[in-house]
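Asker: Sequence plus the predicted model coming up.
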Amino acid sequence: MSIYGARGDVRRIAFRLFGLLLCVTGVGSVSAQQIVNDPGANTSVNRPAFALESGPTIAIDSAHNNYHTIDNRYEPFALLLRNDGFRVVDSKSPFTSAYLAAFKVLVIANARSSARQSDGISAPSSAFSQAEIDAVKDWVFRGGALLLIADHHPFAASARDLALAFGFQFEDGVVARDPVDGRPDIFAVADGTLRDDVVTGGRSEDQRVTALRTFTGSGFRSPPTARPIIVFPSGFKFHQCGLPCPPGAPESDAAGYQQGAVMPFGKGRVAVFGEAAMFSAQEMVYPSETPYRFGFDAAGAEQNKQFILNVVHWLAGVLPDPCPKCDSKRR
């Protein structure tokens, strides 16, 4: 979700990222810049999977201090899914088995712990109670589908316990190319950083995705039963800090870690991603400057929109899993 591909030199980028971090984590107010939905976002769908409002119900979580919700930065995401025929609702309640039974797909994007550190930033603790984690895990095992998205610090830490219930291990901090030089993060089938899978193949050849752009974020390790989708190559590092990282902050190699993966789980399905902006369309607005666009309408992200639809189609069962008979055996 952070914008390493912004205009200007690295120092100017770092300053803007610092402003973004303040905005994200709730430290004070940021008057110099703001993140808003891209008003010109193209959320049309050429060949909807369902007639309008006739598809499965997708719930987008807003009950866990989420930075991305249906009424703000994930509005373009929700509009895209509605234009594909899905019924999209705002999930405002804690997770229980009875509550989740009404939905086919649950989307959780950048939940945050309600606890705060002394500096006002969300504490690196779970955004979900153990009872909620147990309820979500059981719901997926019985046939539900979870799209879990957790960005850089503090979001990865807030989602860590929920992800671990399915075997995914998030690293807190931020993943970035080393050195940070303004190049966009493009993952492609051609170089193996984007894997060829049913979620990149789509329903037909015209829906095949061969390249994606992400916007910094976090990374994770997957369990053996998961299928990697986005894999970091050499040249990316984990920075164990928020943004901007101070000089001398601990670093480690991110090569081989993933930023996207999918996995059957019982009768259900799980998709985990370490970057949120790729699923929406947003602008960072500055006084007296052209807004910086990021998300599925950004340059280099031309295939992101189709990828979003493919992922949700897989979660909802529109796309078959490569091994559907294996689903009930995997836990």
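Answerer: Okay, I see it. Not measured: the values here are computed from a predicted model.
Asker: Show me what the mean pLDDT comes to for stretch 191-198.
Answerer: Confidence for stretch 191-198, expressed as mean pLDDT, is 97.
Asker: Quick check: end-to-end length of that stretch?
Answerer: In stretch 191-198, first residue to last residue: 18 Å (Cα to Cα, to the nearest Å).
Asker: what comes up buried for it?
Answerer: 193-195, 197-198 (16 or more other Cβ atoms under 10 Å). For glycine as for every other residue, the C-beta is placed from the backbone atoms N, C-alpha and C.
Asker: Generate CSV for those, with distance to G143 and secondary structure as supplementary columns.
Answerer: Output for the buried residues of stretch 191-198, formatted as CSV (distance: Cβ to Cβ, whole Å; DSSP: H, G, I helix; E, B strand; the rest coil):
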residue, distance to G143, secondary structure
T193, 32, coil
L194, 28, strand
R195, 25, coil
D197, 21, coil
V198, 18, helix
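Asker: which of these sit farthest apart?
Answerer: Largest separation among the buried residues of stretch 191-198 by Cβ to Cβ: T193 and V198, giving 17.9 Å.
Asker: just how off-centre is the longest strand seen in the chain within its chain?
Answerer: Using DSSP state E to define each element, the chain has its longest strand at strand 258-265. Relative to its chain's centre, strand 258-265 lies at 12 Å (Cα atoms, centre = their mean, to the nearest Å).
Asker: tell me the strands in the stretch 51-200 of the chain, going along the chain?
Answerer: Remark: strands assigned in the stretch 51-200 of the chain by DSSP state E, counting those that start in this stretch are 57-61, 87-91, 105-109, 145-149, 169-171, 174-177, 185-188.
Asker: Can you tell me the SS state at the residue in the chain sticking out farthest from the centre?
Answerer: Relative to the mean C-alpha coordinate of the chain, counting by Cα atoms, centre = their mean, the farthest residue is S288 (30.3 Å). What DSSP: H, G, I helix; E, B strand; the rest coil gives for S288 is coil.
Asker: Quick check: it vs N37, distance?
Answerer: Separation of S288 from N37 (Cβ to Cβ, to the nearest Å) stands at 21 Å.
Asker: One more: L79?
Answerer: Counting by Cβ to Cβ - L79 and N37 are separated by 9 Å.
Asker: Test my guess that D161 contacts P124.
Answerer: No. With contact defined as Cβ atoms under 8 Å, D161 does not count as touching P124 (11.0 Å).
Asker: Name the residues contacting each of those two.
Answerer: With Cβ atoms under 8 Å, 6 or more residues apart in numbering applied, the contact sets of D161 and P124 do not overlap.
Asker: what about S97, how many neighbours?
Answerer: The tally of other residues near S97 (other Cβ atoms under 10 Å) stands at 14.
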